[in-house]
Structures are given as structure tokens and as C-alpha cells.
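# Generate a structure from the sequence data that follows.
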Amino acid sequence: MAAKHSPRSEVILWTLTSCAFAVVTISFLLLKSQTWTELVEGEKAYSWIEDDFPESWPLKVETVGLVPEDTAWYKVEGAEAAMQWDALFPPTSKGWVCLGPNDRPFALTMYHELHCLNRIREAIADEGNRDEHIMSTHVHHCLNYLRMMALCRADLTLEPAVYDEEGRVSVSLDRTHVCSDWTTVFDEAEKTSGKC
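Numbers count the residues shown, from 1 in each chain. The predicted structure is shown next:
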């Protein structure tokens with residue numbers, strides 16, 4: 001004769017069996033749909049081929065404060081100005097990073113923005129004796145690119161109005177902006193430069 005189980009023990013057994021089945025099923029589905037790296041590190045494994053790469057460089061960067069200031073550095077004209085603007089780029093990588101198993105080259109947006117500012121500076125300073133049409137097209141691209149990047153970031157830092165003796169308005173620059181630490185980006189970009 002078969003042993004009788006109480007209704008309560010049958011409910012407990014049924015519940016435990018169902019839970020175990022659910023855990024095994026969910027685990028299987030997770031392992032099937034994601035790589036181990038995704039589960040452990042929270043990052044997708046990319047092939048870095050064609051469009052299979054992350055939206056941004058997976059670099060951990062601390063935040064820093066930046067108070068804008070009018071500076072004597074980074075002028076528009078002269079050899080010293082050109083050297084200072086060039087020094088914003090890592091000497092070897094020039095702002096390119098090489099990522100993935102095949103060291104695929106990518107431009108970093110920060111360096112693309114700095115490149116555009118420098119091209120606009122060169123156009124104002126009339127440096128380089130470049131083809132006028134090419135320079136005009138490039139400057140147009142750069143102005144629009146910088147416009148879009150400013151809109152993309154939409155920095156909401158409040159800059160109070162200040163007035164001069166004649167009542168003309170400008171803004172106070174003495175507000176701290178929260179930024180990614182660009183020195184880390186500079187250093188890490190330079191480390192990848194020998195790869196590509």
C-alpha cells in the first residue's frame with residue numbers, strides 16, 4: 001500500500017519542485033541569452049566587428065569640477081597658440097583609441113570636439129593656406145557638430161547675469177561644472193595608441 005502524504009506536505013513538495021524548475025529554467029535562459037561576462041561583470045561581450053561595439057568607451061572615469069576662466073592660453077593666432085592646441089591631444093594617438101581583440105581604431109567625441117575647435121581657430125587665424133572650399137566645408141561641419149554636442153550635453157549649470165557700467169549683460173563664469181576627468185581619458189587614449 002502506498003504511503004499517504006498530508007495535503008500540506010504535498011503543497012510544500014509541489015511548491016519546492018515548481019520553484020526549483022523555475023530557477024533552472026530562468027538560469028538556462030539567462031545563460032543562453034547572455035554571455036558569462038554579461039552576467040558577472042554586467043557588460044556585453046562585443047566582437048568589435050562592423051556595428052557590434054559599445055556606444056561609448058567602457059572606461060571608468062571619475063568626475064572633476066571645472067570653473068571656466070578667461071585664460072591667456074589657447075589663443076587664436078601664432079605658433080605658440082598652435083602648439084598649445086596641439087598639446088591637447090595625446091602625442092602618439094592624437095585622440096584615437098584602438099579597442100577590441102583586433103585593435104579597431106575609434107575617434108573619441110572629446111577629441112573630435114577639440115579637433116573642431118582647433119579647425120575653427122585655424123580658419124579664424126587663416127593658418128595653413130588650405131583649400132578655401134575644403135576649409136569652409138570642414139568649418140561648417142565643425143560648427144554644426146559642436147552645436148549638436150552642446151545640445152546633447154544640455155549642461156544645466158546656472159550662470160548668473162552680470163552687468164557692466166553701461167548695462168550690457170554677460171554671464172558670470174565662476175560656477176563649477178561637473179565634468180569627466182579628461183586627464184584620465186588623455187592618459188588611457190595614449191596607452192592604446194601603439195595598438196593600431
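# What count of nearby residues applies to Val171?
For Val171, the tally of surrounding residues (other CB atoms under 10 Å) stands at 12. C-beta coordinates here come from the backbone N, C-alpha and C atoms, glycine included.
# same thing with Gly95?
22.
# ok, it touching Thr109?
No: between Gly95 and Thr109 there is no contact under CB atoms under 8 Å: 9.7 Å.
# And the residue nearest to the spatial centre of the chain, which helix or strand is it part of?
Centroid-nearest residue in the chain: Ser56, 4.9 Å away (criterion: CA atoms, centre = their mean). Here Ser56 sits in a region with no helix or strand, counting by DSSP states H and E.
# Mind pulling up the pLDDT for the closest residue to His115 other than its chain neighbours?
Excluding its sequence neighbours, the residue lying closest to His115 (CB to CB, 6 or more residues apart in numbering) is Gly95, at 6.9 Å. Looking at Gly95, its pLDDT reads 88.
# What segments of this protein are strands?
Along the chain, counting by DSSP state E, strands occupy 63-66, 96-99, 104-107, 161-163, 169-171, 177-180.
# tell me the most buried of these?
strand 96-99 (a mean of 20; mean count of other CB atoms under 10 Å).
# Determine how far that one lies from the middle of the whole chain.
Computed by CA atoms, centre = their mean, to the nearest Å, the separation of strand 96-99 from the middle of its chain amounts to 13 Å.
# contact partners of it?
48, 53, 57, 104-108, 111, 188-189, 192-193, 195-196 (CB atoms under 8 Å, 6 or more residues apart in numbering).
# Of those residues, just the buried ones, ChimeraX syntax please.
Listed next is the ChimeraX selection for buried residues among those, using 16 or more other CB atoms under 10 Å:
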select :53,57,106,108,111,188,189,192,193
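# For Arg168, state which of the contacts of strand 96-99 is nearest.
Tyr111 (35.3 Å; CB to CB).
# In contact with the closest one, which residues?
Counting by CB under 8 Å, 6+ apart, Tyr111 has contacts Phe89, Lys94, Gly95, Trp96, Ala189.
# Return the member of the residues you listed nearest to Lys75.
Closest to Lys75, out of all of these and judged by CB to CB, is Phe89, at 17.3 Å.
# The closest one touches Leu114, doesn't it?
Yes: between Phe89 and Leu114 a contact is recorded at 6.9 Å, counting by CB under 8 Å.
# Need the residues touching each of those two.
Gly95.
# And the helices in the chain, which stretches?
7-33, 36-41, 79-86, 109-125, 132-153, 182-192 (DSSP state H).
# which stretch in these has the least confidence?
Lowest mean pLDDT within the helices of the chain: helix 36-41, at a mean of 44.
# thinking again about what came up before, how close does the residue nearest to the centre of the chain get to Leu146?
Per CB to CB, to the nearest Å, Ser56 is found 19 Å from Leu146.
# the domain parsing of the protein - what is it?
The chain breaks down into these domains under automatic domain parsing: 10-41, 63-157+173-195.
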